[in-house]
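J.: Build the 3D model from these lines:
(chains A and B)
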Amino acid sequence: MATQLKPTDRRVLYLYGVTRSQPAKSVRLMGVDLESPVEAIECEAVICWLSRVSADEFEDSLTKNMENLDWLASASVAHQRAVGGIAQHADILPARFGTVFRDENSLRAHIRHHLRGMERNFLRVKDAEEWGIKIFAIAPVAASGPKARTGREYLQAKAAQLPRKKPAGIPEPELTEFQSAIQGIAEASAPPGRISGGQRGLLFQTSLLVKRNNLSRLESVLRKFSRKWASSRRIEKSGPWPPYSFVSQDPDSL
Amino acid sequence: MSAPGTMVFADTNEGEHLALLDILDHVLNQGVILRGNLVISLAGVDLVYVGLDVILTSIETAMRYIHASSGVPEKTP
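T.: Numbers count the residues shown, from 1 in each chain, chains lettered A, B, ... in the order given. I've put the predicted structure just below:
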């Protein structure tokens, strides 16, 4: 076993997040590289969820890989499945995508340094989940023209049905009414991610931190507005997500 | 398994496309930023957003990976 590892075989610890304690039953999850399993190790006063991944892939080439959509799609789905899987068993403070440590000592030193800030974050996300809310404009249904005879005609007809310009936003009184209704239920709201901002017809989006026992209240508010806006707007709710958007942004308080 | 579902309060036929965008949105949005001499955190996340157009036009390719890893979020009507 004295074989020297080649540089490309070097492993680093990819951190998914931190929980207060081990879940009652063992949790089996696949890691972000779809090869190594997720492990839960005791780390100072908390549990760190990690997997051992290739240093080449997740440390040296991470930035380059992030720009490769195929890699990013696969890795972000795997990351979500791992963090989401942990979140089903315990309240988790998710680590940012792509967080790796060279070894357990550096991980422990970091955790020790941030324990107090973690405590605040644990209180904030207790029994709560993140939900994404989006409101889309419903495009008026175009009158159906003559039946397309060729693929080209079909595509032209399809293109003619797309909205030509960005839809007008939601008028102020209505938007305020909607926002205050959902904010009265959520613990907090956060600016949405920017990736889906370019979706066609998107009028409004936000991320909410909602206690599990308030979820049905949120759903009934969304149903109410959905009925009210049935002819003009569509509401989509996605989740539950681990509280990615609601852990501290301050690196010094974690 | 652990992929969140999308509850749509009206019909949509773009469910699967939305799912990948949503995963990227939430996974890459924030999360704890770790910093330190032995910590490599993700400084280059903004590069991803610059590629928004690429992402929107490359969804088909990306979906193959979603299916390959069977992480297709279910939709609850």
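J.: Flag the shaky bits of chain A, pLDDT-wise.
T.: A:1-8, A:140-147, A:158-167, A:194-198, A:248-254 (pLDDT under 70).
J.: That one: helices as residue ranges?
T.: Along chain A, counting by DSSP state H, helices occupy A:55, A:62-66, A:69-87, A:104-125, A:151-161, A:172-183, A:215-228.
J.: Could you dump the ones you listed into a markdown table and include mean neighbour count?
T.: C-beta here means a position set from N, CA and C on the backbone, and glycine is covered the same way. Listed next are the helices of chain A as a markdown table, based on neighbours: other Cβ atoms under 10 Å in any protein chain shown:
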| stretch | mean neighbour count |
| --- | --- |
| helix A:55 | 21 |
| helix A:62-66 | 17 |
| helix A:69-87 | 23 |
| helix A:104-125 | 16 |
| helix A:151-161 | 11 |
| helix A:172-183 | 13 |
| helix A:215-228 | 15 |
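J.: Can you report how many residues neighbour the residue of the stretch 151-254 of chain A at minimum distance from chain B?
T.: In the stretch 151-254 of chain A, no residue comes nearer to chain B than residue A:193, which is 3.1 Å away by Cβ to the nearest Cβ. Look at residue A:193: counted by other Cβ atoms under 10 Å in any protein chain shown, it has 24 neighbours.
J.: nearest to residue A:20, of the helices of chain A?
T.: Among the helices of chain A, the nearest to residue A:20 by Cβ to Cβ is helix A:104-125 (6.1 Å).
J.: now that closest one: how far from the chain's centre is it?
T.: 21 Å (Cα atoms, centre = their mean, to the nearest Å).
J.: and what of stretch A:45-55?
T.: 19 Å.
J.: and that stretch, anywhere near chain B?
T.: No: Stretch A:45-55 lies out of reach of chain B by Cβ under 8 Å from any Cβ of the partner chain, never closer than 9.5 Å.
J.: coming back round to it: from memory the residue of the stretch 151-254 of chain A closest to chain B sits against residue B:28, does it?
T.: Yes: counting by Cβ atoms under 8 Å, residue B:28 is a contact partner of residue A:193 at 6.2 Å.
J.: residue contacts, residue A:175?
T.: For residue A:175, the contacting residues are A:169, A:204, by Cβ atoms under 8 Å, 6 or more residues apart in numbering or on different chains.
J.: All set, thanks.
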